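[1] Quick one, structure for this:
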Amino acid sequence: MRTDFTNKIITCVIIFISILFSNSATFAQQAIPSLTEIVSYITGDTLQSGARKNTSYTLARGGVYFTLGTIQNNFPLTISATGDTSLARPELIVMTDSKGNYSQPFKPYKNLTIQGLFMMGVNTSGSQVPDLIETGTTNVDITLNNCIVDSVSTRVIIMDQNYCSVFAYDCYVHNVAGGSHNGRFIDARETVADTIVIQNCTFYNIMHTLVNRFSGGQTLFKFDHNTVYNIMRNDLRMDESPNLIVTNNLFLNTGFCGFIPAWEAAFDTNDLGDRDEWSRIEIWQLDSTFPGATQQINFKYNNFWINPAIQASFPDTIWPYKTLDFTFEKQMVGADTLTWVNEDVDFGNVPTCNYLGIAEQAWVNGSPQTNPGFTDATRPYNFTYSTSSASYTAGADGFPLGDLNWWPAKKAAWEQTTGVKVVNNNTPVKFTLGQNYPNPFNPSTNINFSLEKPSKVILAIYNVLGQKVATLVNNFMQAGSYTFQFNASKLASGVYIYRIEAGDFVSAKKMILMK
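    You can find the predicted model right below:
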């Protein structure tokens with residue numbers, strides 16, 4: 001009798017969770033014609049009642065699109081490329097009005113996913129756009145996948161609201177340079193972020209820093225398999241983070257402006273002030289921002305190198321940048337990580353830079369007031385390097401350091417090591433979440449799912465109280481069919497719910513662990 005009652009309670013809870021997790025509305029994917037101004041198109045795409053017609057839009061490869069004003073989506077918005085993959089990415093250009101005014105194109109109030117676009121930072125009047133994306137409220141996820149961003153003057157992404165996340169995969173970002181201490185991929189000062197993940201991206205010609213964080217922090221910071229080239233000051237200002245991963249990266253010719261001795265007094269007294277003036281990497285110890293958290297750091301398999309000729313050009317009053325500065329910082333990352341690779345990998349074709357011209361302006365003004373040194377005239381660039389370089393096998397599991405997109409075969413092999421097995425690369429007919437097998441299980445089971453189109457995927461496990469007990473996948477994935485082997489050896493016997501989010505698709509199923 002008691003068992004029957006318990007089973008009824010569990011059944012009711014499962015029904016409740018299924019209703020809670022169900023996707024209450026299904027939206028179509030809308031193709032937008034080339035030469036369209038997409039802000040008014042997307043904003044006005046509503047029914048007479050005001051409800052959304054669509055939340056997912058495609059732009060045709062080879063097409064050109066414009067923004068006039070700002071998309072302030074209060075719904076999960078996806079914009080992705082479609083069409084012939086041999087054609088160029090659809091180009092998105094900021095338009096000026098009749099008075100010469102223009103706006104940043106995106107200010108999301110719900111999650112924003114942009115896939116496969118070329119976002120130009122020079123508007124239709126020929127001037128640089130300061131920013132592209134700024135969070136509109138708290139708890140917003142911004143995902144960039146397979147995008148190119150060119151010539152933004154100040155910041156590609158501004159995270160000025162708490163508990164937001166940025167995910168960047170397979171992107172190519174360059175010429176973020178406007179002078180006067182500007183030029184950043186992410187600017188997230190004085191906020192507490194949830195997650196920042198940057199993986200398999202290439203960055204070059206950045207005037208200030210890639211990630212500008214201070215007086216805040218994030219629950220998870222992951223910077224993995226990225227190629228970083230020509231950064232004037234520091235690479236990463238990560239502030240504090242309970243979980244911090246900086247692995248398998250190339251950092252070449254960064255911090256090339258050097259620092260003046262006036263800053264050394266602050267360094268000698270452990271003044272944490274504006275440390276981007278002298279260090280490539282900035283990590284802070286945990287404080288009250290993350291109460292009760294234990295800091296876990298993985299800082300391995302990186303190559304830090306700067307051309308000796310750059311430092312040889314410094315006058316006696318200028319000192320080279322440090323990679324990690326304070327003793328406590330070196331203790332945080334661990335002694336075994338301090339033996340990183342230090343070599344010139346001799347890229348095939350890369351942009352040139354007037355390093356001394358930029359540095360001289362920094363010494364006089366604190367930061368260049370113009371862009372006197374970055375050049376970008378010999379595209380397309382090639383960031384592959386000799387397979388005889390130490391960096392080619394210096395990554396985890398023997399993979400090359402840097403952005404693996406420059407090594408397609410290596411990228412494919414690496415993807416097989418990430419925990420999700422690719423079953424079929426052919427595009428499925430629809431999104432699906434299969435029933436786990438075996439079921440019941442002890443302690444391992446397989447979960448299958450299919451993606452109709454490239455999507456940000458979150459696959460998580462919940463108990464019958466609706467509490468998350470494990471996150472299996474949190475990544476941007478290409479269309480295809482996948483399987484994940486879940487090991488529940490650390491969980492107690494019982495009924496669990498596994499749930500997937502992939503773009504607008506949400507589905508949940510139950511499974512039973514019997515030990």
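
[2] next one: stretch 408-420 to chain centre, how far?
    18 Å (C-alpha atoms, centre = their mean, to the nearest Å).

[3] Quick one: mean pLDDT for it?
    For stretch 408-420, mean pLDDT is 81.

[4] could I get it in PDB with only the CA atoms?
    Output of stretch 408-420 as PDB, limited to C-alpha atoms (Å, rounded to 0.1, in the frame of the first residue of the first chain):
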ATOM      1  CA  PRO A 408      40.300  20.400 -39.600                       C
ATOM      2  CA  ALA A 409      41.300  16.800 -39.200                       C
ATOM      3  CA  LYS A 410      42.600  17.500 -35.700                       C
ATOM      4  CA  LYS A 411      39.400  19.400 -34.900                       C
ATOM      5  CA  ALA A 412      37.300  16.400 -35.900                       C
ATOM      6  CA  ALA A 413      39.400  14.100 -33.700                       C
ATOM      7  CA  TRP A 414      39.200  16.500 -30.800                       C
ATOM      8  CA  GLU A 415      35.500  16.700 -31.000                       C
ATOM      9  CA  GLN A 416      35.300  12.900 -30.400                       C
ATOM     10  CA  THR A 417      37.000  13.500 -27.000                       C
ATOM     11  CA  THR A 418      34.500  16.000 -25.600                       C
ATOM     12  CA  GLY A 419      32.100  13.400 -24.100                       C
ATOM     13  CA  VAL A 420      29.500  13.400 -26.900                       C
END
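
[5] so who does residue 111 touch?
    76, 77, 140, 141, 142, 143, 456 (C-beta atoms under 8 Å, 6 or more residues apart in numbering). Glycine gets a C-beta too; all of them are placed from N, C-alpha and C.

[6] Looks like the second one contacts residue 45 (just checking).
    So that's residue 77. No - the criterion here is C-beta atoms under 8 Å, and residue 77 misses it with residue 45 at 10.6 Å.

[7] which of the two has more neighbours?
    residue 77 (22 against 14; other C-beta atoms under 10 Å).

[8] Name the nearest residue to the more buried one, ignoring sequence neighbours.
    In space, and not counting its chain neighbours, residue 77 is closest to residue 112: 5.3 Å by C-beta to C-beta, 6 or more residues apart in numbering.

[9] How about residue 72?
    residue 107 (4.9 Å).

[10] and that neighbour, what does it touch?
    Contacts of residue 107 (C-beta under 8 Å, 6+ apart): 70, 71, 72, 133, 134, 135, 136.

[11] Tell me the pLDDT of it.
    98.

[12] Can you pull the domain assignment for this protein?
    2-21+419-513, 28-415 (automatic domain parsing).

[13] where among those domains is the average confidence lowest?
    Among those, domain 2-21+419-513 scores lowest, with a mean of 80.

[14] Do I have it right that the residue nearest to residue 77 meets residue 74?
    No - at 11.3 Å, residue 112 does not count as touching residue 74 under the criterion of C-beta under 8 Å.

[15] before we move on, the earlier item: and among the domains of the chain, the most buried is which?
    domain 28-415 (a mean of 18; mean count of other C-beta atoms under 10 Å).

[16] what's the spacing between the closest residue to residue 287 other than its chain neighbours and residue 191?
    Spatial nearest neighbour of residue 287, excluding adjacent residues (C-beta to C-beta, 6+ apart): residue 240 at 6.6 Å. Plainly put, residue 240 is 12 Å away from residue 191 if you go by C-beta to C-beta, to the nearest Å.

[17] Residue 329: which element?
    For residue 329, the host element (DSSP states H and E) is helix 327-333.

[18] now the helices: where do they sit in this structure?
    For the chain, applying DSSP state H gives helices covering 2-21, 38-43, 264-268, 308-312, 327-333, 355-365, 408-415.

[19] can you pull the contacts of residue 286?
    240, 242, 293, 295.

[20] cool, and residue 331?
    Contacts of residue 331 by C-beta under 8 Å, 6+ apart: none found.

[21] Equivalent analysis for the one 10 residues further on, please.
    Under the criterion of C-beta under 8 Å, 6+ apart, the contact list for residue 341 reads 302, 303, 304, 305, 390, 391, 394, 401.

[22] With distance to residue 129 as new columns, can these be given to me in TSV?
    Converted to TSV, the contacts of residue 341 look like this (distance: C-beta to C-beta, whole Å):
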residue	distance to residue 129
302	32
303	32
304	31
305	32
390	40
391	34
394	37
401	32
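
[23] Fine by me, thanks again.
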